[in-house]
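Student: Predicted structure and sequence below. I'll ask about it afterward.
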Amino acid sequence: MRKDSLESKASYIVGFTSIILPLLFSILLELLNEKSIISVELKSYMLGILIIDMVLIFITLIITIYILDVTHVNYPLPSSNPNELNNFYFNNANLESDLKDYYFGCISNLNIQNNKKANLLSLCFKLILVSSILIFIMFLGVLL
């Protein structure tokens with residue numbers, strides 16, 4: 001449940017970055033255009049902010065793709081073949097206790113992986129906040 005929530009938020013961030021990157025790239029193309037009405041001083045100021053902003057968005061995109069990467073999860077069943085499972089588990093006298101022990105071991109591993117994803121997701125939100133502030137400053141510079 002927590003993993004699904006974290007990955008859902010990460011997919012929203014991937015969508016956000018896929019919208020923002022083309023916009024930033026089009027601003028970059030306008031800044032590099034010789035016929036632009038923006039002054040040379042303002043162009044260099046905006047270009048610096050834009051490059052920093054694009055780097056932050058790329059880092060955010062890479063982190064969110066890492067969050068969405070499939071992680072290895074341990075399951076107590078050794079195989080998905082029903083014939084093998086029948087021979088393995090139904091001949092085991094301590095099946096219930098073995099499964100409980102193994103599942104409890106898996107839960108701690110999943111919590112560690114989810115905490116790592118949550119920390120990375122928090123970092124992504126901070127990078128988006130910094131990126132948004134830089135975009136605001138850049139557009140404020142154009143308006144003034």
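Tutor: Nice, I can see it. Numbering: from 1, shown residues only.

Student: Geometric centre of the protein: which residue is closest?
Tutor: Residue closest to the average C-alpha location in the chain (C-alpha atoms, centre = their mean): residue 64, at 1.2 Å.

Student: The residue nearest to residue 2 when sequence neighbours are not counted: what's it in contact with?
Tutor: Closest residue to residue 2 apart from its sequence neighbours, by C-beta to C-beta, 6 or more residues apart in numbering: residue 114 at 5.1 Å. No exception for glycine: its C-beta is placed from N, CA and C like everyone else's. By C-beta atoms under 8 Å, 6 or more residues apart in numbering, the contact list for residue 114 reads 2-3, 6.

Student: lowest-pLDDT helix or strand in the chain?
Tutor: helix 82-89 (a mean of 60; mean pLDDT, DSSP states H and E).

Student: re earlier: what about the residue nearest to residue 2, distance to residue 30?
Tutor: Taking C-beta to C-beta, to the nearest Å as the measure, residue 114 falls 42 Å from residue 30.

Student: and what of residue 14?
Tutor: 25 Å.

Student: what's the single longest helix in this protein?
Tutor: Counting by DSSP state H, the longest helix found in the chain is helix 95-143.

Student: Now the secondary structure element (helix or strand) that residue 4 belongs to: average pLDDT?
Tutor: According to DSSP states H and E, residue 4 maps onto helix 2-32. Mean pLDDT, helix 2-32: 86.

Student: in the next helix-or-strand element following that helix, what's buried?
Tutor: Going down the chain from helix 2-32, the next helix or strand is helix 40-68, by DSSP H and E. With burial defined by 16 or more other C-beta atoms under 10 Å, the residues of helix 40-68 counted as buried are 43, 45-46, 49-50, 53-54, 56-57, 60-61, 63-64, 67-68.
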